[in-house]
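Peer 1: Got a sequence here, can you model it:
(2 chains)
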Amino acid sequence: MEQTVYPLAAMVGQKTFRQGLLLAAVNPAIGGILVRGEKGTAKSTMVRALAALLPDIPVVRGCAFSCSPEPGADRCPDCRLRFPQLETTIRRARLINLPLNATEDRVAGGIDFPRSLQRGKVVFSPGLLASAHRGLLYVDEVNLLDDHIVDLILDAAASGENRVEREGISFRHPARFILVGTMNPEEGELRPQLLDRFGLCLEVAGAKELEERVELMERRDAYDLNQDGFCAEYQTATDQLAHRIAQARVLLPKVRIGANLRGFIGELCRENNVAGHRADLVMEQAAKALAALEGRLEVSVEHVRVVAPLVLIHRRRDAQPPQPPPPPEPPEPQPPEDQPEPPNQDQGQPEQNQEETKQQQEQQEQQEQAPEQQSQAEDQEQPAKQEAQEEPSENQEQQAANNRDEQLFEIGPAFKVKPLTAVKDRIVRRGSGRRSRSRISQKKGRYVKSSLQTNNDIALDATLRAAAPYQRQRACDDGLAVHLTRQDLRGKIREKRIGNFLLFVVDASGSMGARGRMAASKGAVMSLLLDAYQKRDRVGMITFRRNEAFVNLPPTTSVDTAGRLLAEMPVGGRTPLSAGLAKSHEQVRNYLIRNPTAQPIVILITDGKCNVALGERKPVEESLHLASALSRDGRIRTIVVDTEEAGLVTFGLAQRLAGALEAQYFKIDDLKAEALVNIVRGQQQ
Amino acid sequence: MNIRPIYPFTAIVGQDKMKLALMLNVINPGLSGVLIRGEKGTAKSTAVRALADILPEIPVFVDDPYQLDPNEEYDSYLDIRNSLQLPPPEAGKQPQVGMRKVRVVELPVGATEDRVVGTLDLEHALKKGEKRVEPGILAQAHRNILYVDEVNLLDDHVVDVLLDSAAMGVNTIEREGISFTHPARFTLVGTMNPEEGELRPQLLDRFGLCVNIEGIQAARDRVEIMERRAAFDLDPEGFAAQWTAESTALADRLLIARALYPQVQVERPLLFEIAQYCLDVGVDGHRGDIIMLKTAKTLAAFDGRTETESADVQTAAELVLPHRVRRQPLMEIADNIQGLRKRALAAH
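Peer 2: Alright, predicted model coming up:
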């Protein structure tokens, strides 16, 4: 089906975006570009338009891997054998869209079932990476894709080759393509090491200018009304652009880069504290591509300056967690003769903030303030941003604390939370999400091994092995080389990450309100909630104060509601910890009845100082007793977040509670994820 | 076959915003769907079914699981048969064509991805050595209305697939070594109860229009609803017959509007108004602007005008913007867009 695409030449604004795409089109060695940005900023439209501009390529006729007929090119095994007797045809460069539901077999290639059976040997069926060879591979919402699929794609993009070594196949074929991934950071981040493997990273945002927005609407409307007419109007501009790409490709191998500029690039990367050497290599390639696009044979400082932000934006490591760093200012112009000295990061920071969208800015400010705020949480003078208008100033609240029984605290600053996961087990579950690894019943996820249960998800390798011993007996003449019966069939066991049920049990008693601890606690809960949202967990919330515990929020996926409840949660009164524990057990038990395979995580936020008992015993003793009873239910994992301040007199009650619960124990500060810690963890996985 | 008549669209009391949003989508499927947020028992599915009932019949190939249009999609028909390795129709002989009502295809909450997208029958492939594709719900929904109840409870990746097809107008089956594409253009109607969890912003944004509905509070209207419903349950045929004239009139109006839409003009100042509106309330990206423009034009066509007016833009804003306004993380969806704009302007 031939569909018309919106021409690249007719795009309004988005200069950097367009340039980044052109660079990747000219020089695929850049290794893929990642486009980060809010929804509705023409990300997909732009990529489709680029594909339409790529020059036609000569391919070997009938080759499923789009091998090049030119001498010296890398070829698939079949074409290698037949070379040089190769027939050639010319065809368009393809745009391959990687759907989110693609399985590993489909991406990397797998076994061709029908043909394998007919021929009696394993026949390889090319995957999307093969189709994308010498074309463009587009991955929309790359951050939502399974990690191992992203890994696979990036591996191929970097090495220019796809190697398949599984299910008894061993096969390799060339796969050099322009990789474009898009993502909306609202939906969760890519892991840092995946981030690093994208050559360039671009930030896009909607236009802020009225004129531009109007222009954009007019063009889009004109296009929707009459697609062919609209494209014809921009035909010359489109042709020119296509010509420029083709020319630049020819020019690229001749572009040279001076030794001093290489030094400059190295210095830039070092100054920005970039891990590894990929940034240096990519920056050189990108600068060459830009020079070629401009028709130059020599890379200039200007070229490096233009591409540097695209290369460094996602690789810089600073004190911050691997959150989206803002685009760095391009380095100050440096004459290449001088010892290049890139700008200090700290200087760049304030300016960058202005450029960011408001939301990002706030997010970042919060992060910057987080450590500071935590250490002097007792002062509580910094107004939290979100609820500032709703509440009177914090100091007044503080003074009123002794007189009133009930008070409201704003939510303290949020931070990025350490990975919390449930234990891996052998239970099969359904669902999606990104927290814990689990066996799953859907056809998604990684094929880990085979079993006798088929469920229409058949593992051919295991099936063939099971059938092999009987082939001689079963031989007959139906044209098939292998004869299978029902008992040979083997199914795949797959594994992937799914969301959990997180039950927040929050202490809302008066002791928590003292000296601003509640704001910090709320901040911690908010951070956990944000994390839960990005990992697609279900959440529930219980608070306990005065004489009883309330279920504020029954299990739901609406993290939003939980956030709102948190903001409205009043604090005051005595501490019925036992009641809170009993109520949470009741909730979790009910949840487990309805979802027997669930892996609930109870997160208890308290200082452990309780003074109301359910029965006759002393409150503390009773709570510890209940806690150890709760720990006997092996299906439940518990995390205790201690909100007690470090000081001269500490009771350590929460720690004892954690011991009784056999729970993981954290201080609020321990919950924070540090960028480097995360990186190390990720690499170990 | 004696089919029980469907409750007539025109006999639904109140819920004007929802009815309007649905009709606009029928006039211009380019608005990419309606999301209806609200409580149970507010005539959501009744309205959708009733609307489908008054739409004109569409021509289809007999026994074609992909519902292709014989007039415009004959090439796709051949393509699909070809990629499924089915024999092509005999030379010079068109396959049989029949007329059919527009259907409301429902997507159940428990639907798996295989069921939605379509899948390969692997056991068949292993035993017989041939590929057999089972088309999914997206194939059924082509040129029909796809009604997704409780869209917020669907698995995320199912929603992703769904909205992808809705945006592209095609569905691609990419699994187990098969890859083939069939057209899937449908009017998407999703419903959700916000108390049970929100949709992700990315998915929210893909729905063109969004309406919040609640039960009607006026006692008189509630009585009216009960009376009409009782009358319908007693004598469906008789009740439907009473409304035939109005239904026909509405169906005609929709058809006229559909024909009129390409001629609708928008003055440049109105475009500025739209852009200003979106900037004032704070919308991510440009989809809001574009859908708002289309909605305003569709509204004009619905009114039988070829000139868009400022009032159309105001009405469009109420339908297009509420779910697109940029929010703090974990904050609620805006309800009153006019008020929001006033507040935003006052803050400046």
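
Peer 1: Now do the domain split for chain A, please.
Peer 2: For chain A, the domain assignment from automatic domain parsing gives the residue ranges A:8-56+A:92-228, A:252-355, A:372-420+A:500-684, A:437-496.

Peer 1: Just put those domains in TSV and tack on mean pLDDT, distance to chain B and mean neighbour count.
Peer 2: Yep, even glycine has a C-beta here, placed from its N, CA and C like the rest. Listed next are these as TSV, based on pLDDT from 0 to 100; distance: least, CB to the nearest CB, whole Å; neighbours: other CB atoms under 10 Å in any protein chain shown:
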stretch	mean pLDDT	distance to chain B	mean neighbour count
domain A:8-56+A:92-228	82	3	21
domain A:252-355	71	13	18
domain A:372-420+A:500-684	71	3	19
domain A:437-496	71	5	17
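
Peer 1: Now tabulate these in a markdown table and tack on distance to B:V320.
Peer 2: Converted to a markdown table, these look like this (distance: least, CB to CB, whole Å):
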| stretch | distance to B:V320 |
| --- | --- |
| domain A:8-56+A:92-228 | 12 |
| domain A:252-355 | 28 |
| domain A:372-420+A:500-684 | 21 |
| domain A:437-496 | 34 |
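
Peer 1: B:G118 is nearest to which of those domains?
Peer 2: domain A:8-56+A:92-228 (11.0 Å; CB to CB).

Peer 1: which residues touch stretch B:99-108?
Peer 2: Contacts to stretch B:99-108, defined as CB atoms under 8 Å, 6 or more residues apart in numbering or on different chains, come from residues B:48-49, B:52-53, B:55-60, B:116, B:137, B:140-141, B:143-149, B:154, B:162, B:186.

Peer 1: Who's the closest spatial neighbour of the one residue in the stretch 151-300 of chain B that gets nearest to chain A, skipping the chain neighbours?
Peer 2: When scored by CB to the nearest CB, the stretch 151-300 of chain B has B:G285 as its residue closest to chain A, at 2.6 Å. Once flanking residues are discounted, B:G285 sits nearest to A:G40: 2.6 Å by CB to CB, 6 or more residues apart in numbering or on different chains.

Peer 1: Verify the stated contact: that neighbour with B:H286.
Peer 2: Yes. Between A:G40 and B:H286 there is a contact under CB atoms under 8 Å: 5.2 Å.

Peer 1: list residues touching both of those two?
Peer 2: Common neighbours of A:G40 and B:H286, using CB under 8 Å, 6+ apart, are A:G206.

Peer 1: Show me which residues of the stretch 201-348 of chain B sit near chain A.
Peer 2: Taking CB under 8 Å from any CB of the partner chain as the contact definition, the stretch 201-348 of chain B meets chain A at B:201-202, B:205-206, B:262, B:266, B:268, B:271-272, B:274-276, B:278-279, B:283-290, B:293-294, B:297, B:326, B:328-332.

Peer 1: Just the buried ones from those?
Peer 2: B:201-202, B:205-206, B:266, B:271, B:274-275, B:278-279, B:283-290, B:293-294, B:297, B:326, B:329-330 (16 or more other CB atoms under 10 Å in any protein chain shown).

Peer 1: Please flag which of those sit within strands.
Peer 2: Using DSSP state E, the subset of these located in strands is empty.

Peer 1: Just the CA atoms of stretch A:5-19, as PDB, please.
Peer 2: The C-alpha trace of stretch A:5-19 is given here as PDB (Å, rounded to 0.1, in the frame of the first residue of the first chain):
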ATOM      1  CA  VAL A   5       3.900  11.200   3.500                       C
ATOM      2  CA  TYR A   6       4.000  14.700   4.700                       C
ATOM      3  CA  PRO A   7       7.100  16.200   3.100                       C
ATOM      4  CA  LEU A   8      10.100  17.100   5.200                       C
ATOM      5  CA  ALA A   9      10.500  20.300   3.400                       C
ATOM      6  CA  ALA A  10       7.100  21.500   4.600                       C
ATOM      7  CA  MET A  11       7.900  21.000   8.200                       C
ATOM      8  CA  VAL A  12       7.600  24.200  10.400                       C
ATOM      9  CA  GLY A  13      10.300  24.900  12.800                       C
ATOM     10  CA  GLN A  14      12.200  22.000  14.600                       C
ATOM     11  CA  LYS A  15      15.500  23.000  13.100                       C
ATOM     12  CA  THR A  16      17.800  20.900  15.300                       C
ATOM     13  CA  PHE A  17      15.500  17.900  14.900                       C
ATOM     14  CA  ARG A  18      15.700  18.100  11.100                       C
ATOM     15  CA  GLN A  19      19.400  18.600  11.100                       C
END
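
Peer 1: Quickly find the element holding residue 311.
Peer 2: Since no chain was named, I'll use chain A. For A:V311, the element it lies in under DSSP states H and E is helix A:301-312.

Peer 1: think we crossed wires, I meant chain B
Peer 2: helix B:310-320.
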